[in-house]
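*Asks:* please find the sequence and the predicted model below.
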Amino acid sequence: MADADDVRRLALALPHVVEIESDGFDFRVANKGFVWSYPERMPGKPRLIRTDIAVLFVGDEAEKQALLLGEPDIFFTTPGYDGWPLVMVRLAEVAVERLGELVTDAWRMRAPDALVSNLDEASESSSAGLN
């Protein structure tokens, strides 16, 4: 089970991530958002920032649909996100390790290629040191 503190820790562990001031959490790399708190909008009510739900960049519609159909207990969307490569993640339903993979994948899709290459090289170096 994950929470907003896990999102923050995982996102800030990635290179060149900036947290934007918000009522919840909002993380960017190269001025591109990759994970943030869900701004729930209900008709006739003010917007509510939900820190128990993360909006996650997924890259494309195929990946979005695979997540939504494959794990509907964890992932969902709303009509306001139709056509956008984004899913909502119920943090209480996802393991921290899986959330780390999701946040890192979102970062990879939004970060400049040079940053991704640097992260991959660092990962390979630390993996080689384990052998």
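*Replies:* Done, it's in.

*Asks:* C-alpha from now on. contacts and neighbour counts both.
*Replies:* Fine.

*Asks:* low-confidence ranges, this protein, go.
*Replies:* 118-131 (pLDDT under 70).

*Asks:* dump the residue contacts of residue 52.
*Replies:* 3, 4, 37, 90, 91, 92 (CA atoms under 8 Å, 6 or more residues apart in numbering).

*Asks:* tell me which entries of those lie within helices.
*Replies:* Of these, the ones assigned to helices by DSSP state H are residue 4.

*Asks:* which stretches in the chain count as strands?
*Replies:* 17-19, 26-29, 32-40, 48-57, 75-76, 86-90 (DSSP state E).

*Asks:* any idea which of those is most buried?
*Replies:* Comparing the strands of the chain by mean neighbour count (mean count of other CA atoms under 10 Å), strand 86-90 comes out on top with a mean of 24.

*Asks:* so which other helices or strands are in contact with that one?
*Replies:* Under the contact criterion of 3 or more CA pairs under 8 Å, 6 or more residues apart in numbering; DSSP states H and E, strand 86-90 touches strand 48-57, helix 61-70, strand 75-76.

*Asks:* relative to the first one, what are the paired strands and their orientations?
*Replies:* Using DSSP bridges, strand 48-57 pairs in its sheet with strand 32-40 (antiparallel), strand 86-90 (antiparallel).

*Asks:* as JSON lines, the ones you listed with distance to residue 53 would be great.
*Replies:* Shown next, in JSON lines, are those (distance: least, CA to CA, whole Å):
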{"stretch": "strand 32-40", "distance to residue 53": "6"}
{"stretch": "strand 86-90", "distance to residue 53": "5"}
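
*Asks:* nearest to residue 67, out of these?
*Replies:* strand 86-90 (8.1 Å; CA to CA).

*Asks:* measure how far the closest one is from the centre of its chain, please.
*Replies:* Remark: strand 86-90 is offset 8 Å from the chain centroid, using CA atoms, centre = their mean, to the nearest Å.

*Asks:* can I get it as PDB, trimmed to CA atoms?
*Replies:* Extracted in PDB, the C-alpha atoms of strand 86-90 (Å, rounded to 0.1, in the frame of the first residue of the first chain):
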ATOM      1  CA  LEU A  86      -2.800   9.800 -18.300                       C
ATOM      2  CA  VAL A  87      -4.300   7.400 -15.700                       C
ATOM      3  CA  MET A  88      -5.300   7.800 -12.100                       C
ATOM      4  CA  VAL A  89      -3.700   5.500  -9.600                       C
ATOM      5  CA  ARG A  90      -5.400   4.600  -6.300                       C
END
